[in-house]
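In: Got a predicted structure plus its sequence, pasted below:
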Amino acid sequence: MPLTPLPSLDSLRCFVEVAQRLNFRAAARAVALTPAAVSTRVKQLEDLVGAPLFERTTRKVALTAAGGAFLPAAREALAAAERAVLAGRGELGPRPQHVTVGTRHELGMSWVLPALPALREALPHVTFHLYFGSGADLLMRVAAGVLPCAIGSMKTADRRLSSEPLHEEKYVLVAEREYARARPLKTERDAGRHRLIDADDSLPLAGYLLETPGGAQVQFQSLVTMGTIAAVRALVLQREGVAVLPRYLVQPDLDRGRLVKLLPRRRLLSDWFRLWFRVGDERASSFAAIAEVLRQRPLH
């Protein structure tokens, strides 16, 4: 589809001045041009529109129907051009934005949701919304442009995505206190007496243990999957087995003695929470500011 030819801002300004004064000489004085120059610019607009914008006689000047329809849009175009210049100078401040942040349910409820007041204070022009989903779902939505950004420790090689680091995510193998007393798990050989609880069959949690050097030697008796990290933690607390869980999530349980750490000599792998967004997104500066606020808040 061919582009519509656009008028110059000088021509629009001349037209608006004539329309306001209904006098070419007065309009010429307002724009510091000669009446002939103003008439030329108006004629250029009329040629572009394909219709007369003014009825001109020796006694008066009046807007035509086309001129009356053209006037509000011409004023709006001049105002928009002025706003563009002011915005470029930074005189208008950041424009209002709506940003939906994707997150897993557990992290969203314990950390992201309580951070909203601090985020609103740091970015008053942004209205924040939350979307809860799984890691794969979050990355898919961000890559597709459906979701502006998402927080998580997901891994991806998608070149459409960029990220801001937030916090290191550490993991720990845990069991309920009384369960651990009845069935100690102090060495890798003890794992064969225990049921492993994880989110799904790909072992997204246990991998932080099993992928350590020598981790393949840790063989559990059986596996049960619970779908979400919160459900994994709940089942561990019910003495149904052992699980690798994020330290930030279970630290209160460890502090109270409800859960205990297993295989204390084995150092598990860690990961990073990141704020994911699309490469080239015009809101990148806002995402960087969001990440800075979240980096100042400890995980819990």
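Out: Now that the structure is in, tell me what you want to look at. Numbers count the residues shown, from 1 in each chain.

In: Could you check how far the nearest residue to residue 112 once chain neighbours are set aside is from residue 116?
Out: Spatial nearest neighbour of residue 112, chain neighbours left out: residue 103 (4.9 Å); criterion: C-beta to C-beta, 6 or more residues apart in numbering. Using the backbone N, CA and C atoms, a C-beta is placed for each residue, glycine as well. Distance of residue 103 to residue 116, given as C-beta to C-beta, to the nearest Å: 12 Å.

In: More neighbours: which of those two?
Out: Shown here are residue 103 and residue 116; by other C-beta atoms under 10 Å, residue 103 has more neighbours (23 against 13).

In: show me where this protein has helices.
Out: For the chain, applying DSSP state H gives helices covering 9-21, 24-31, 35-49, 65-88, 105-107, 113-122, 135-143, 177-182, 207-210, 229-237, 247-256, 284-295.

In: any residues touching the second one, and which ones?
Out: Spelled out, that is helix 24-31. Applying C-beta atoms under 8 Å, 6 or more residues apart in numbering, the external contacts of helix 24-31 come out as 10, 13-14, 17-18, 20-21, 34-35, 37-39, 61.

In: Recalculate using a threshold of 7 Å.
Out: With contact meaning C-beta atoms under 7 Å, 6 or more residues apart in numbering, helix 24-31 is reached by 13-14, 17-18, 21, 34-35, 38-39, 61.

In: Residue 180: which of the residues you listed is nearest?
Out: Using C-beta to C-beta, residue 13 is the member of the contacts of helix 24-31 that lies nearest residue 180, at 79.7 Å.

In: quick revisit: out of the helices of the chain, which one sits most buried?
Out: Mean neighbour count (mean count of other C-beta atoms under 10 Å) peaks for helix 207-210 among the helices of the chain, with a mean of 21.

In: follow-up on the earlier one: adding distance to residue 275, write the helices of the chain out as TSV.
Out: Listed next are the helices of the chain as TSV, based on distance: least, C-beta to C-beta, whole Å:
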stretch	distance to residue 275
helix 9-21	40
helix 24-31	49
helix 35-49	47
helix 65-88	26
helix 105-107	12
helix 113-122	11
helix 135-143	10
helix 177-182	36
helix 207-210	21
helix 229-237	19
helix 247-256	16
helix 284-295	5
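
In: and residue 2, which of these is closest to it?
Out: Ranking these by proximity to residue 2 (C-beta to C-beta) places helix 35-49 first, at 14.2 Å.

In: now for that closest one, which elements pack on it?
Out: helix 9-21, helix 24-31 (3 or more C-beta pairs under 7 Å, 6 or more residues apart in numbering; DSSP states H and E).

In: Any chance of a markdown table for those, columns mean pLDDT?
Out: Listed next are those as a markdown table, based on pLDDT from 0 to 100:
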| stretch | mean pLDDT |
| --- | --- |
| helix 9-21 | 94 |
| helix 24-31 | 94 |
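
In: Pipe those helices into a markdown table and attach distance to residue 300 per row.
Out: As requested, the helices and strands packed on helix 35-49 are exported to a markdown table (distance: least, C-beta to C-beta, whole Å):
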| stretch | distance to residue 300 |
| --- | --- |
| helix 9-21 | 55 |
| helix 24-31 | 63 |
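
In: and residue 86, which of these is closest to it?
Out: Residue 86 lies closest to helix 9-21 among the helices and strands packed on helix 35-49, at 14.7 Å (C-beta to C-beta).

In: Send me the closest one as CSV with only the CA atoms.
Out: Provided in CSV are the C-alpha atoms of helix 9-21 (Å, rounded to 0.1, in the frame of the first residue of the first chain):
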residue,chain,number,x,y,z
LEU,A,9,4.6,21.4,9.6
ASP,A,10,5.2,25.0,8.3
SER,A,11,2.2,24.6,5.9
LEU,A,12,0.0,23.2,8.7
ARG,A,13,1.0,26.1,11.0
CYS,A,14,0.2,28.6,8.3
PHE,A,15,-3.2,27.0,7.7
VAL,A,16,-4.1,27.0,11.4
GLU,A,17,-3.1,30.7,11.8
VAL,A,18,-5.3,31.6,8.8
ALA,A,19,-8.2,29.5,10.1
GLN,A,20,-8.0,31.2,13.5
ARG,A,21,-7.8,34.7,12.2
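
In: Run through who's touching that helix.
Out: For helix 9-21, contacts defined as C-beta under 7 Å, 6+ apart pick out 24, 27, 30-31, 38, 41-42, 44-45, 53-54, 61, 63, 67, 71, 74-75, 77-78, 81.

In: Appreciated, that's everything.
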